[in-house]
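Here is my input, please return the structure:
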Amino acid sequence: MLRFWLSAALLCASALVSANPLPNPDSAMESSDEVVQWNKTLLSIVRMKGAQPATLHPTRSFAMLHVAIYDAVNSIEPTHKPYLVHIERVSPHASRRAAIASAAHEILVTLYPTFQTTLDQQFEMTLADIADGPEKSAGTAVGRAVGLATLAARKDDGSGEMPIPYVFGTHPGDYQSTPTNFPKQPQFTHWSRVTPFVLERARQFRPAPPPLLTSPEYTAAFKQVKEVGIASTANPPSETTTIGLFWNGAIQNYWNEITQTEVKARHLTTAQTARAFALLNVTLADEVIAFYDAKYTYNFWRPVTAIRAADKDGNPQTVKDANWLPQSMNTAPDPSYPGAHAAISAGGAFVLTKLFGHHRLHLKVTSETLPGVIRSFDSFAAVRDEASVSRVFAGQHFSTDEAAGEVLGKAVAEFAVRNVMTRAKRGDRDDDNDRDDDSSGDDE
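So this is what the prediction gives:
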C-alpha cells in the first residue's frame, strides 16, 4: 500500500532530526493548543465566501491537515501507529509545536495559495515563540517532511477531476433540479471516485435502496416532511423551525468545533489532541465519499419535488401541493438519499464517544446560520440525533434518508476506528482484538 512505501522512502529524512536530549522548548503555549489553532484557521478559510473551490469538498482539506499533524506529532511521540508516515530516530524532545505548525503550514499553503501571506504570518509567529535550538529545527523538519508526504499521497486521488455531467430524471422518484434556485447541475457528481482515506472503496458500506414510493415507510416519511418541513413565517418560530435553521450549515464544521471544545475541556495531551482531530476528519472525509456514492447510485428525489409531483407517484395516500417549499426555501443541490447531515453526525458522534466515553456532557454548540444562538446537549448521541432530524424539519430530507445516513455514517466510523491510528504495541506487535480504549484521554 502507498502508506507503507512512503513510510520507508522518507526514512532518509531522519538525518535532518536532532537526537540531542535537551529540554523541550514548547513552553509559551501548550502544543495541544497549536493543533486547535490550525483547525480554527482552516475553519475560518472554508467559511469565507469563494475560498473553498466549488468542486473540492472541504472535508478532504480537514483530513489532510490533521493526518499530517498527527503523523508529525506521532513521529516525535509514537503512541499509535502512523496514518501514512513515520520519521525514525526523532528525538522525543523535538518541538511538537514546530512540527505541528510546519506540517499544517505545508498543507494549507498548497491547498489555499491565495491565503499564503496570512498562513506564512501564523507560521512565523509560532516559530518566533519557540526557543531556537536543535529541537525547534528538528520539529520543523519533521513537520515539513510529513506535510510533503501527505500532499504527494493525495496528489492524484481523483479530487481534481472534473465533475461528471448529470442528466436529471423525469420519472416519479427521480432526482430533479429543485426550486427555487433550480441548479443546472448537482454538486460533487465525481466525488465517489475520490480515493478514500480509510475505506477500501466508496461503495463499501453502500446502503440498501430507498423505500418504494408506494410503501408504508415512504408514505409516513412523505407526510412527516410535508407537515413539519414547510416554509413558515410564524413568529416566534416553532422549536422544529429553530432546530432546522440552527443546523442549516456545513455540518462537518460543527463537529470540528465540538471537538475543539472537548479536547480543551479534557486537557488532552498533544498526541491525544492530534489523534482526535485526525480520526474525526478522516472519518468525515470518507463518509462524504461514501454518501455521494450512494446518492448518485439511487438518484432519489428531494421532498420538494416529491410533494409537488405527488399526483404522479402512484401512491393514493400522498397528496400534491404544487406550491410547497422547504423551510430553508432552497434545497441542497444533490440527490436526497442518504442524508449527509445524518451520515456525518453519526460518524462524528461515534468517533468522539469512542475517544471520550459515554460520560454525561455539558456541551454547548453554536450555529453557523443562527448567530448568537446556542443549544445545549448532554451527549454526543443527542447532538447526532438533533442534527439528523433537523434536515426533516428543514424540509430537505425524508426521515428514511436520515435513517440510512445514520447507518452509513456509523459503519464508516467504526471501520476507521478499528483500522487506522490504532494503539502501537510493544515490539510493534499488533493485537487484532485491540479496542480503542482512549475514552478518558488516559491512554498515554
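
Tell me who's in contact with the residue in the chain sticking out farthest from the centre.
Distance from the C-alpha centroid of the chain peaks at P316, with 40.2 Å (CA atoms, centre = their mean). If you count contacts by CB atoms under 8 Å, 6 or more residues apart in numbering, P316 has none. For glycine as for every other residue, the C-beta is placed from the backbone atoms N, C-alpha and C.

part of a helix, is it?
No - checked against DSSP: H, G, I helix; E, B strand; the rest coil, P316 lies outside a helix; its state is coil.

for the chain, which residue is closest to the average position?
Nearest to the geometric centre of the chain sits L284, at 3.1 Å (CA atoms, centre = their mean).

residues contacting that one?
Applying CB under 8 Å, 6+ apart to L284 gives the contacts 59, 62-63, 252, 255, 344, 347-348.

of all the residues you listed, which comes closest to L108?
Lowest distance from L108 to the contacts of L284 (CB to CB) belongs to F62, with 10.7 Å.

count of residues packed around that closest one?
F62 has 25 neighbouring residues, counting by other CB atoms under 10 Å.

pLDDT weak spots in the stretch 301-444 of the chain?
426-444 (pLDDT under 70).

which residues in it form strands?
363-366, 374-377 (DSSP state E, counting those that start in this stretch).

Which one of those lies nearest to P172?
Here strand 374-377 is closest among the strands of the stretch 301-444 of the chain (CB to CB), at 37.1 Å.

ok, and which of the strands of the stretch 301-444 of the chain has the densest surroundings?
strand 363-366 (a mean of 16; mean count of other CB atoms under 10 Å).

What lies in contact with it?
254, 257-258, 261-262, 373-380, 383.

how about CSV for these, with distance to A153 added?
CSV is the format used below for the contacts of strand 363-366 (distance: CB to CB, whole Å):
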residue, distance to A153
Y254, 28
E257, 27
I258, 28
T261, 30
E262, 28
V373, 40
I374, 39
R375, 38
S376, 40
F377, 36
D378, 39
S379, 35
F380, 30
V383, 32
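
out of those, who has the most neighbours?
Among the contacts of strand 363-366, the one with the most neighbours (other CB under 10 Å) is F380, at 25 neighbours.

which stretches of the chain form helices?
2-9, 31-46, 58-76, 96-111, 116-128, 134-154, 216-228, 239-246, 251-265, 270-298, 303-308, 340-356, 380-393, 399-419 (DSSP state H).

how about these, which one is nearest I164?
Across these, I164 has its closest neighbour in helix 270-298 (8.1 Å, CB to CB).

and the closest one, average pLDDT?
Averaged over helix 270-298, pLDDT sits at 98.

repeat for stretch 91-100
On average, the pLDDT along stretch 91-100 is 96.

Show me what counts as buried in it.
Applying a neighbour-count criterion of 16 or more other CB atoms under 10 Å, one finds 91, 93-100 buried in stretch 91-100.

just to revisit the earlier point, going by distance to A208, which of the contacts of L284 wins?
So of the contacts of L284, ranked by how close each gets to A208 (CB to CB), first place is G347, at 18.9 Å.

looking at it, that closest one is touching V412, isn't it?
Yes - using CB atoms under 8 Å, G347 makes contact with V412 at a distance of 5.7 Å.

Find residues that contact each of those two.
Common neighbours of G347 and V412 (criterion: CB under 8 Å, 6+ apart): 283, 287.

How about K295, nearest residue that isn't a chain neighbour?
P335 (4.3 Å; CB to CB, 6 or more residues apart in numbering).

got the contact list for the one you found?
175, 186, 295-296, 298-302.

any idea how far W301 is from it?
Distance of P335 to W301, given as CB to CB, to the nearest Å: 8 Å.

What are the structural domain limits within the chain?
2-155, 191-419 (automatic domain parsing).

Distance to F168 added to these, as JSON lines?
Shown next, in JSON lines, are the domains of the chain (distance: least, CB to CB, whole Å):
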{"stretch": "domain 2-155", "distance to F168": "19"}
{"stretch": "domain 191-419", "distance to F168": "9"}
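
Of those domains, which is nearest E161?
E161 lies closest to domain 191-419 among the domains of the chain, at 6.7 Å (CB to CB).

Pull up the distance across that closest one, start to finish.
End-to-end distance of domain 191-419 (CA to CA, to the nearest Å): 22 Å.

can you check stretch 200-220 too?
35 Å.

Which residues does it contact?
172-173, 192-194, 196, 199, 221, 289-290, 292-294, 297-298, 300, 313-315, 317-318, 336-338, 398-401, 404, 407-408, 411-412, 415.

Quick one: distance of stretch 401-409 to the chain centre.
15 Å (CA atoms, centre = their mean, to the nearest Å).

Looking at the helices of the chain, which is nearest to M329?
Of all the helices of the chain, helix 303-308 sits nearest to M329, with 9.6 Å by CB to CB.

Only the C-alpha atoms, please, for the closest one, written as PDB.
The C-alpha trace of helix 303-308 is given here as PDB (Å, rounded to 0.1, in the frame of the first residue of the first chain):
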ATOM      1  CA  PRO A 303     -39.100  16.300  -0.800                       C
ATOM      2  CA  VAL A 304     -39.900  19.500  -2.700                       C
ATOM      3  CA  THR A 305     -40.100  17.600  -5.900                       C
ATOM      4  CA  ALA A 306     -42.000  14.700  -4.400                       C
ATOM      5  CA  ILE A 307     -44.600  16.900  -2.800                       C
ATOM      6  CA  ARG A 308     -45.200  19.000  -5.900                       C
END
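
before we move on, back to that, okay if I get the strands of the stretch 301-444 of the chain as TSV plus distance to A322?
Below are the strands of the stretch 301-444 of the chain laid out as TSV (distance: least, CB to CB, whole Å):
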stretch	distance to A322
strand 363-366	37
strand 374-377	35
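
among these, which is nearest A145?
Each of the strands of the stretch 301-444 of the chain was scored for nearness to A145 using CB to CB, and the closest is strand 363-366 (36.4 Å).

Could you pull up the residues touching T189?
163-166, 292, 296.

Now list the buried members of those residues.
The neighbour-count test (16+ other CB under 10 Å) applied to the contacts of T189 identifies 166, 292, 296 as buried.

quick check, nearest of the residues you listed to V228?
Top of the list for closeness to V228, among the buried ones among the contacts of T189 and by CB to CB, is Y292 at 26.5 Å.
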